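> okay, structure incoming, though there's no sequence with it:
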């Protein structure tokens with residue numbers, strides 16, 4: 001190696017290598033005893049740093065770090081154009097500030113709404129309207145807001161403004177759907193041409209008032225008429241309940257027309273009608289009613305059609321209720337003291353058949369607990385019809401006293417509509433009293449109430 005400072009040379013001094021003033025990596029430095037140009041420290045290092053505030057210098061450094069971190073949290077992370085962007089919250093000292101625009105002397109008189117709008121005084125508004133050459137444009141929704149205000153009042157329209165409205169030419173009114181165009185189109189003739197003055201007749205106000213008072217009258221006004229109509233409706237409903245569909249059909253059996261009625265009256269009158277009048281007939285009817293009392297009339301319910309059929313039978317034989325002897329004991333003379341009259345007793349039943357017929361509107365008596373068959377005659381062809389029977393305590397009842405049952409198999413004469421209503425002991429074991437029985441016939445979609453009668457359950461002697 002050659003000593004020197006040039007390329008490929010090493011600087012040597014007394015056998016030692018002189019290092020250049022650059023960064024050396026990996027060089028091992030022996031113990032340094034002398035540093036040229038440096039003054040070695042002497043004395044206590046604490047004296048130079050100063051005594052620590054806390055327990056040690058390290059704790060003081062830690063406190064400084066903590067305060068630094070706190071300051072950093074309060075400063076913005078980024079600068080704005082190299083400057084800190086800060087907003088003053090409270091300015092304690094107002095000095096040094098100035099406005100670019102002076103406030104008017106009457107600034108305190110302004111009124112600002114909660115929504116931030118400046119309220120204009122009436123005087124200011126009057127000045128706007130008083131301007132002769134004013135032009136209002138670009139209102140946006142202001143016009144709608146004004147018309148939508150519930151308490152708006154338009155006042156102080158000038159004569160010139162009114163004239164400018166009325167003087168608009170017809171040729172300028174072209175907007176479809178506008179009030180002006182409707183007036184222009186529909187008001188196309190003079191009012192005087194519609195009704196001449198001499199053709200006008202003033203209304204009869206007094207007469208109208210009288211009619212009004214009548215209509216509103218308490219006794220015979222609309223309210224009273226409505227009440228009367230309700231009463232009439234109730235009467236009509238009652239009549240409809242009485243004139244059932246079945247009963248209305250019976251009216252077809254009456255003669256139709258005045259001629260037929262006259263012929264019927266002539267037939268009723270018969271030959272030899274001279275001085276007889278309805279008054280005379282009524283007197284005779286009253287006499288008959290006196291003879292046929294109500295008590296006697298109820299006894300007639302024991303007579304019916306089967307009796308005539310019994311008497312017409314060629315082999316008929318009346319027997320005693322107790323024996324089969326030819327001359328019944330019941331036909332013997334009876335009466336107190338055994339005096340001379342003869343009484344024929346007809347049993348209320350023929351076998352198990354009730355002797356009394358079921359007839360529309362009449363009564364059939366049945367002994368409580370008896371099993372009977374009640375004959376009926378509907379006088380109509382029952383071919384193809386189903387016959388049913390049931391009984392209730394009243395029409396309004398929902399439960400049946402005798403449950404509805406099919407009795408078609410007990411029809412004895414289809415063509416003439418005759419048959420029997422079989423009642424079992426269980427069915428007649430009802431409380432004594434009157435029950436409403438009904439025969440109903442059905443065919444396809446047709447339902448007809450053929451007969452209604454009263455079934456009277458009488459108390460039994462032998463239980």
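Received it, and whenever you're ready, just let me know what you need. Computed from a predicted structure; not experimentally measured.

> run the chain-centre distance for stretch 437-447.
Here the centre of stretch 437-447 is set off from its chain's centre by 38 Å, with Cα atoms, centre = their mean, to the nearest Å.

> how about stretch 450-457?
On Cα atoms, centre = their mean, the centre of stretch 450-457 falls 44 Å from the chain's centre.

> buried ones in that stretch?
Across stretch 450-457, burial judged by 16 or more other Cβ atoms under 10 Å covers 450, 451, 452, 453, 454, 455, 457. Any C-beta I mention is one placed from the backbone N, CA and C, and that applies to glycine too.

> let's have those residues in TSV, adding distance to residue 392, secondary structure and pLDDT.
TSV is the format used below for those (distance: Cβ to Cβ, whole Å; DSSP: H, G, I helix; E, B strand; the rest coil; pLDDT from 0 to 100):
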residue	distance to residue 392	secondary structure	pLDDT
450	17	strand	92
451	15	strand	93
452	11	strand	93
453	13	strand	93
454	11	strand	92
455	10	strand	92
457	13	strand	93
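
> now the strands: where do they sit in the stretch 201-350 of the chain?
With DSSP state E, counting those that start in this stretch as the criterion, the stretch 201-350 of the chain has strands at 349-350.

> from residue 213, how far off is residue 146?
Residue 146 sits 48 Å away from residue 213, going by Cβ to Cβ, to the nearest Å.

> closest one of the buried residues of stretch 450-457 to residue 423?
Ranked by distance to residue 423 (Cβ to Cβ), the buried residues of stretch 450-457 are led by residue 455 at 8.5 Å.

> which strand residues bridge the closest one?
The bridge-partner assignment for residue 455, based on DSSP bridges, gives residue 364, residue 435.

> how near is the residue lying closest to residue 369 once chain neighbours are set aside to residue 370?
Nearest non-adjacent residue to residue 369, counting by Cβ to Cβ, 6 or more residues apart in numbering: residue 429, 4.9 Å away. Noted for residue 429: a distance of 9 Å to residue 370, by Cβ to Cβ.

> out of those two, which sits in the busier spot?
When residue 429 and residue 370 are compared for neighbours, residue 370 comes out ahead with 18 against 12, by other Cβ atoms under 10 Å.

> against residue 439, how distant is residue 407?
8 Å.

> please enumerate the shared neighbours of these two.
Overlap of the contact sets of residue 407 and residue 439 (by Cβ atoms under 8 Å, 6 or more residues apart in numbering) consists of 387, 388, 389, 421.

> quick one: the last one and residue 376 touch, right?
To tie it back to what came earlier, the one meant is residue 421. Yes - contact status for residue 421 versus residue 376: in contact at 6.3 Å, counting by Cβ atoms under 8 Å.

> intersection of neighbour lists for the two?
358, 439.

> number of nearby residues for residue 246?
14.

> likewise for the one 4 residues further on?
The local packing of residue 250 (other Cβ under 10 Å) involves 11 other residues.

> same list as before, the buried residues of stretch 450-457 that is, but in a markdown table and with distance to residue 112 included.
Listed next are the buried residues of stretch 450-457 as a markdown table, based on distance: Cβ to Cβ, whole Å:
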| residue | distance to residue 112 |
| --- | --- |
| 450 | 95 |
| 451 | 96 |
| 452 | 92 |
| 453 | 97 |
| 454 | 96 |
| 455 | 97 |
| 457 | 99 |
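
> greatest separation within these: which pair is it?
450 and 457 (22.3 Å).

> show me where pLDDT drops low in the stretch 301-450 of the chain?
For the stretch 301-450 of the chain, applying pLDDT under 70 flags the ranges 303-356.

> quick one, helices of it?
In the stretch 301-450 of the chain, the helices defined using DSSP state H, counting those that start in this stretch lie at 305-312, 425-428.
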